[in-house]
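Novice: okay, predicted coordinates and the sequence, questions at the end:
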Amino acid sequence: MSNILISSGRPTFRRILQRISILSVATAMIACWLFLSIASVLTLKQYAQQNMQLLGVTVSHSLEAAVAFRDVGEIHETLTALGRQQQFSSALVRDSEGRPIARWPATPRPRPKTPDALIQRWLLPDPVVQTVWYDGVPVGEVQLTAKGRLITHFIWLSLALLTGFLILASALSLAISHYFHRGLVQALQNITEVVHDVRQNRHFSRRVKPEPIEEFQRFAHDFNCLLDEMEQWQKQQQRHSASLRKSALHDPLTGLANRAAFREALEKVLTDPLQRTHHALLFMDSDNFKQINDNWGHAAGDRALREIAGRLLRFSARRYPTFRLGGDEFAMLISDVTTDEQIQRLISRLGYLFVPPMPLRNGEAISLSLSVGYALVEPDSTSESLLEIADSSMYHNKKLRRGR
């Protein structure tokens, strides 16, 4: 492709997509990291506090007899065993009057001012105090201070893993975005090449406004150069579209194919040797359409026509072409039939669909019925002969129905 336009300093479409991808991924990942980190730490804090409460209950039960009988040795032994298991960092036992009985460790340790210690104080700011009961009487209390080294280690490890996973997910997302963006940019470049080819071969295209992105600007520039040649083509297309609208093949009221489409479809059947040997024409006319118009108005008449068309379509199941010829006359081309008995069975099935009346908005109901005539397609049949036979059969059927 020849380089017609000189670069104007606009960013390329590829660069715009890369910026959007990087900003979107970075924003989403940072938001996820903050949300997951805060939610995890808050959940862990609640868990640690509940765990210390449960530990306080357990220790108070273990010490209730020793505290009741002032067995200092037993208290020390129990606290030492639990403390060495890293259950807590310090413990203090008081009697019922608040006087210290025993503590672990014997010498209080000062709290360090490291980041881990600060996290521990935030997670478990206050010691847990649990009353010691013996035979339903409070005999003292135990005060436990949490040991948060394991908790802070778990927090740092979790945050490190979360950060690593999010960085990996970001890199993967950017790689996938780059892969798909490459295809999109290539597609737009191909469109630009096609536009140049269309212009050189005096074909048509569309007008676009100038764009801030380089590739789209090239597209707009080449397209606008074709405007003069496009005007003549547009006039031809407008004349052609007007001709198509005049010869529209569908009835606007019912949505069925109209008389022109019927003629075309019938001629297609008659000119095909394979089809004309097993086709028939149904010609249908409403029995009480004039009465509906006279009694309930033209709106009800239009609704009746749409109802008839809908029931005919349900009968045909899109298998048999159905047409509105005009007024209350309808036609249908039936395939895969060769005998009068087959046609009569189909007409009987069709009649069942018109047994239910059509309800009106005022609560009344209108009876719908059709007189149906038919004509089998014979080797020497013409469209005029088929219509004449089917029309005669229909009026014969209508007279029989009136005589009942």
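Specialist: Thanks, I have it.

Novice: going forward, measure contacts between C-alpha atoms and count neighbours the same way
Specialist: Noted.

Novice: mind listing what the nearest residue to residue 260 once chain neighbours are set aside touches?
Specialist: Closest residue to residue 260 apart from its sequence neighbours, by C-alpha to C-alpha, 6 or more residues apart in numbering: residue 249 at 6.1 Å. In this structure, residue 249 makes contact with 257, 258, 259, 260, 261, judged by C-alpha atoms under 8 Å, 6 or more residues apart in numbering.

Novice: which two in those are spaced the farthest apart?
Specialist: Of all pairs drawn from those, the widest gap by C-alpha to C-alpha lies between 257 and 260 and measures 8.0 Å.

Novice: look at the two and report which has more neighbours.
Specialist: residue 257 (21 against 17; other C-alpha atoms under 10 Å).

Novice: I'd say the more buried one and residue 320 touch.
Specialist: No: counting by C-alpha atoms under 8 Å, residue 257 does not reach residue 320; the two are 11.8 Å apart.

Novice: next, count neighbours for residue 394.
Specialist: 22.

Novice: how about it: what's its closest non-neighbour residue?
Specialist: The nearest residue in space to residue 394 (C-alpha to C-alpha, 6+ apart) is residue 373, at 3.6 Å.

Novice: please, which helix or strand holds the one you found?
Specialist: strand 370-376 (DSSP states H and E).

Novice: need the contacts of residue 249 in a markdown table with distance to residue 342 and pLDDT, can you?
Specialist: Shown next, in a markdown table, are those (distance: C-alpha to C-alpha, whole Å; pLDDT from 0 to 100):
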| residue | distance to residue 342 | pLDDT |
| --- | --- | --- |
| 257 | 25 | 91 |
| 258 | 26 | 92 |
| 259 | 26 | 92 |
| 260 | 28 | 89 |
| 261 | 25 | 90 |
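
Novice: where strands are concerned, which of these count?
Specialist: Of the positions in the contacts of residue 249, not one sits in strands, assigned by DSSP state E.

Novice: quickly find the element holding residue 61.
Specialist: Per DSSP H and E: helix 13-68 holds residue 61.

Novice: likewise residue 92?
Specialist: Assigning secondary structure by DSSP H and E places residue 92 in strand 90-95.

Novice: partner strands of that strand, parallel or antiparallel?
Specialist: In the sheet, strand 90-95 lines up against strand 100-104 (antiparallel), strand 137-145 (antiparallel) (DSSP bridges).

Novice: JSON lines please, covering those and showing distance to residue 349, mean pLDDT and mean neighbour count.
Specialist: As requested, those are exported to JSON lines (distance: least, C-alpha to C-alpha, whole Å; pLDDT from 0 to 100; neighbours: other C-alpha atoms under 10 Å):
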{"stretch": "strand 100-104", "distance to residue 349": "97", "mean pLDDT": "86", "mean neighbour count": "19"}
{"stretch": "strand 137-145", "distance to residue 349": "88", "mean pLDDT": "85", "mean neighbour count": "21"}
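
Novice: quick one: closest of these to residue 284.
Specialist: Checking the strands paired with strand 90-95 against residue 284 by C-alpha to C-alpha gives strand 137-145 as the closest, at 95.5 Å.

Novice: got the CA coordinates for the closest one in CSV?
Specialist: Taking Å, rounded to 0.1, in the frame of the first residue of the first chain, the C-alpha atoms of strand 137-145 are listed here in CSV:
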residue,chain,number,x,y,z
VAL,A,137,-18.6,-19.4,92.4
PRO,A,138,-16.0,-17.1,90.8
VAL,A,139,-12.7,-17.9,92.4
GLY,A,140,-10.4,-15.8,90.2
GLU,A,141,-9.6,-14.7,86.6
VAL,A,142,-7.0,-15.5,84.0
GLN,A,143,-5.6,-12.8,81.7
LEU,A,144,-4.0,-14.0,78.4
THR,A,145,-2.0,-11.9,75.9
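
Novice: count the neighbours of residue 282 for me.
Specialist: For residue 282, the neighbour count with other C-alpha under 10 Å is 23.

Novice: residue contacts, it?
Specialist: 331, 332, 333, 334, 372, 373, 374, 375, 390.

Novice: swap in 10 Å and give it another go.
Specialist: Taking C-alpha atoms under 10 Å, 6 or more residues apart in numbering, we find residue 282 in contact with 322, 330-334, 343, 347, 372-376, 386-387, 390-391, 393-394.

Novice: which residues does it form beta bridges with?
Specialist: For residue 282, the beta-bridge partners under DSSP bridges are residue 332, residue 374.

Novice: so which residues of the stretch 251-400 of the chain form strands?
Specialist: 279-286, 322-326, 329-335, 358-359, 365-366, 370-376 (DSSP state E, counting those that start in this stretch).

Novice: could these go into JSON lines alongside distance to residue 15?
Specialist: Formatted as JSON lines, those follow (distance: least, C-alpha to C-alpha, whole Å):
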{"stretch": "strand 279-286", "distance to residue 15": "64"}
{"stretch": "strand 322-326", "distance to residue 15": "56"}
{"stretch": "strand 329-335", "distance to residue 15": "60"}
{"stretch": "strand 358-359", "distance to residue 15": "63"}
{"stretch": "strand 365-366", "distance to residue 15": "68"}
{"stretch": "strand 370-376", "distance to residue 15": "68"}
